[in-house]
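Asker: Give me a model of this one.
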Amino acid sequence: MFEKFTVIPSIDLKGGQVVRLLRGDMSKATVYGAHPAETARQFEEAGAELIHIVDLDGAIAGAPQNIEAIAQIRASVKCAIDVSGGLRTIEAVRAAFVAGADRVSFGSAALLNPELVRQACQEFPEKIFGSIDIRDGKLAVKGWVETSQLTVAEAAERFRTAGVAAAIVTDIARDGAQVGVDSARIAELAKSVGIPVIASGGVASLEDIRALRTRFEAGVVGVVIGRALYEGNFSLRDALAVAAG
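Answerer: Sure, this is the predicted structure:
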């Protein structure tokens, strides 16, 4: 699926608005816009081939809460969209695809209900991503408000066995904080888990993208970028140019 290193802009939805959290804290949300579809259109115009959409309310509630906003995004862009947040049943997964998702990402579901991920991978082959969210070396679940007893390696093994196309790995301590990425650590993780890894959390500069791109052969196939784009650290066009080398 990933023939080249891919830059994936992110749209986080809370109450139908575009927001970014600081280190996964729902009480520390910065609102960047009231029109997610317009944000998605701007990303597509800049060259995005895939947009990562997170239903933050859904992640907390355990069921999708921003399906309408996702449907509006789908109506506004032709590029692929990846939807995550609150997908804990096969019905919710199907609803996300009906709303226009091209991919969906599972986090908590893999830990709470491994059979669901297997079923989704069978029903939607090559369209399922796993989410591995790490806080202090441990897995965070349910909108990052709880910690799982599973190790990162165990979660990755579940995803690999189920047949996910890739795993989005987020370092929560870095997420939204623009403190830079640890590309060596992410490459190490990609090698150990044996599935393609998309890095997420902490991207602050074009240098971070450059560093991650050099790890493509190690299995780091892309990067999700949020706050750095919204704060204007660099443009999506520049990020895509760096990714292309």
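
Asker: Confidence-wise, which helix or strand of this structure is lowest on average?
Answerer: Scoring the helices and strands of the chain by mean pLDDT, DSSP states H and E places strand 146-147 at the bottom, with a mean of 52.

Asker: Any stretches of this structure with poor pLDDT?
Answerer: 23-24, 108, 110, 136-138, 140-149, 173-179 (pLDDT under 70).

Asker: Thought V224 was touching A239, still the case?
Answerer: No - if you go by Cβ atoms under 8 Å, A239 and V224 don't touch, sitting 11.2 Å apart. Placement of C-beta: from N, CA and C, glycine included.

Asker: between the two, which one's more packed in?
Answerer: A239 (27 against 24; other Cβ atoms under 10 Å).

Asker: Quick check on the residue lying closest to N113 once chain neighbours are set aside: phi, psi?
Answerer: Distance criterion Cβ to Cβ, 6 or more residues apart in numbering; nearest residue to N113, sequence neighbours excluded, is R88 at 6.9 Å. The phi/psi pair for R88 (degrees, to the nearest 10) reads phi -110, psi 0.

Asker: Tally up the residues packed near R88, please.
Answerer: Neighbours of R88 using other Cβ under 10 Å come to 21.

Asker: looking at it, it is touching A63, isn't it?
Answerer: Yes - between R88 and A63 a contact is recorded at 6.8 Å, counting by Cβ under 8 Å.

Asker: and the strand or helix carrying L21, what other elements does it pack with?
Answerer: Assigned by DSSP states H and E, L21 falls within strand 17-22. On a contact count with 3 or more Cβ pairs under 8 Å, 6 or more residues apart in numbering; DSSP states H and E, strand 17-22 meets strand 6-14, strand 25-33, helix 36-46, helix 227-230.
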